[in-house]
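In: just need the structure, nothing else, for what follows:
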Amino acid sequence: MNTAIHKWAGGVGFPVLLLVLVSSCSYFKGKEAEVGTNPVARVYESFLYEADLKGIGADAATPEDSIKAVKNYIDSWIRNKLVLKYAEENLPAEIEDINKQIENYRQSLIIYTYERELVAQKLDTVISEKEILDYYDKHKEALQLKTPLYNIKYARIKKQPKKVIDSASAWIAKNDFISNSKLQNFCEQYAVKYVINDSTWFKEQELENIFPIQNIDWESIAFNKKATIVTDTTNYITLIKVLGYKFKGADAPLAYIREDISNIIINKRKLDYVSKVHSTIYDDALKNKKFEIYNDE
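Out: Okay, here's the model as predicted:
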């Protein structure tokens, strides 16, 4: 009798109380010769082989758990095959359409995988600054903002003496090298969260998610020349300075839209490259008479 179940369950045998399993040693021996491996279960003409059980139960805590995992896998496999067989026999009209869908999907998947590998190997992904600027200048209308944007610096810090807060507030309100350097050192020492990069733009919804503060009038803050000091809890305050503001419908700042432009350029390159590959394959096949169209009028 076949011993594959014993091998894959830690060397301990167990009874497999299933609808269909190993029916006869002689039957399996004939099939083993055909496929060159060891079957452990059969449902009609479908076989589960020893190799299919590799790794099943390998992470089990005990030999008993390993046995259970193998048994459950075989049971699940058999039940699935039985239901599949029953479904095939009771859906004869739909089977052909299903097979066509499967074949179409298989072909699409193969082509997609081939194209993806080609793109990964051959596509030039380096984008020059000139390409980004050219695209930005030519498509400004399409890149107009659908929501206001705020260019801000902020630092959320533990409460400090007034003198310390006043100094930090003065630094964050300015945007010169010396003030930014002092602010950077201050934030590294006292801030639990901060952004002081002057190229960072946020939507209002993003700001509401960042700050655990209710009812901030962002438009009012946008036109405040000084830094705004907001107490968000009993232990923390947030210093906010809006460096720039863009209305809905305004041209998107290049810094905000740069990554999107890069992705658009790369995607266009992908489409152009794949289209070129398709044309090359077609032209080569046409030249070498690899296909024919019958009754073409």
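In: only C-alpha atoms from now on, for both contacts and neighbour counts.
Out: Will do.
In: for Leu149, give its distance to Ile111.
Out: Per Cα to Cα, to the nearest Å, Leu149 is found 41 Å from Ile111.
In: more neighbours, those two?
Out: Of the pair Leu149 and Ile111, Leu149 is the one with more neighbours under other Cα atoms under 10 Å, namely 24 against 12.
In: so who does the more buried one touch?
Out: 201-204, 245-248 (Cα atoms under 8 Å, 6 or more residues apart in numbering).
In: what helix or strand is Ile229 on?
Out: strand 228-231 (DSSP states H and E).
In: what's next to that strand, contact-wise?
Out: For strand 228-231, the external contacting residues (Cα under 8 Å, 6+ apart) are 169, 221, 237-241.
In: repeat that with 6 Å
Out: Applying Cα atoms under 6 Å, 6 or more residues apart in numbering, the contact partners of strand 228-231 are 237-240.
In: ditto for stretch 154-166
Out: Residues outside stretch 154-166 that contact it (Cα under 6 Å, 6+ apart): 190-195, 235-240.
In: go through these and flag which are in strands.
Out: In strands, defined here by DSSP state E, the members of these are 191-195, 236-240.
In: of all those residues, which two lie farthest apart?
Out: Within these, Val195 and Tyr236 form the most distant pair, 16.1 Å apart (Cα to Cα).
In: rewinding a little: alpha carbons of the strand holding Ile229, as CSV, please.
Out: Included here for strand 228-231 are C-alpha records, laid out as CSV according to Å, rounded to 0.1, in the frame of the first residue of the first chain:
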residue,chain,number,x,y,z
THR,A,228,0.3,80.8,14.8
ILE,A,229,0.6,79.1,18.2
VAL,A,230,-2.1,76.5,18.9
THR,A,231,-2.6,74.6,22.1
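In: which parts of this protein belong to which domain?
Out: 4-90, 149-246 (automatic domain parsing).
In: please identify which of these is closest to Ile281.
Out: In terms of Cα to Cα, the element of the domains of the chain nearest to Ile281 is domain 4-90, at 36.9 Å.
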